[in-house]
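Peer 1: coords below, sequence missing:
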Ligand SMILES: N=c1c2ncn([C@@H]3O[C@H](COP(=O)(O)OP(=O)(O)OP(=O)(O)O)[C@@H](O)[C@H]3O)c2ncn1[C@@H]1O[C@H](COP(=O)(O)O)[C@@H](O)[C@H]1O
């Protein structure tokens, strides 16, 4: 992964980070998304991406589901010798197919990265408690 994940505000200095991932247009997710977008209407015989878009949403979603299961299976074996490489490859497959799904629905990967960045520093326990208190006041 080549993009930077520094927080929007550096907590120690309170200064904005110039490497904010939302403004980094050349990360691998964005580059791959550009390729995916340019292949979606292409020839299914010569492009895997075009093939999936040609088959439609159900096939794209099916692939994401299959890849997620393959990640779980690879993770279960990741403690075995030489199996970490397989886990890395399966996660790459899942991320790649997730990018295809996001492209299908018109969502940019940077929107997802920005959401993760927005959550940075907010404990999951704290966030859940906040959700409950908002629900109680509704
Ligand atoms: N990163 C990938 C990538 N990762 C995985 N795959 C393909 O995803 C497919 C499905 O993976 P599986 O593990 O499920 O393999 P499989 O069992 O053979 O698949 P199925 O027969 O079940 O469909 C395989 O054909 C892989 O080659 C990818 N195909 C393309 N890319 C990137 O997408 C770009 C555009 O690809 P094309 O549109 O094919 O030119 C390429 O330049 C690459 O950068």
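Peer 2: Ah, there it is. This is a predicted model, so every value here is computed, not measured.
Peer 1: Secondary structure element holding residue 98?
Peer 2: Assigned by DSSP states H and E, residue 98 belongs to helix 84-104.
Peer 1: Can you name the residues of this structure that neighbour the ligand?
Peer 2: When proximity is defined by Cβ under 6 Å from any ligand atom, the chain lies next to the ligand at 32, 35, 39, 47-50, 93, 96. (Each C-beta comes from the backbone N, C-alpha and C, glycine too.)
Peer 1: Can you pick out the most distant pair from those residues?
Peer 2: Farthest-apart pair in those is 50 and 93; separation 17.9 Å (Cβ to Cβ).
Peer 1: quick revisit: okay, angle between the very next helix or strand once past the helix holding residue 98 and helix 84-104 too, please.
Peer 2: Next along the chain after helix 84-104, taking DSSP H and E as the criterion, comes helix 109-119. With axes from the mean of the first three to the mean of the last three Cα atoms, to 10 degrees as the basis, helix 109-119 and helix 84-104 are set at 110 degrees to each other.
Peer 1: for residue 81, phi and psi?
Peer 2: With angles defined as degrees, to the nearest 10, residue 81 sits at phi -60, psi 140.
Peer 1: Quick check: pLDDT value at it.
Peer 2: Residue 81 is assigned a predicted lDDT (pLDDT) of 87.
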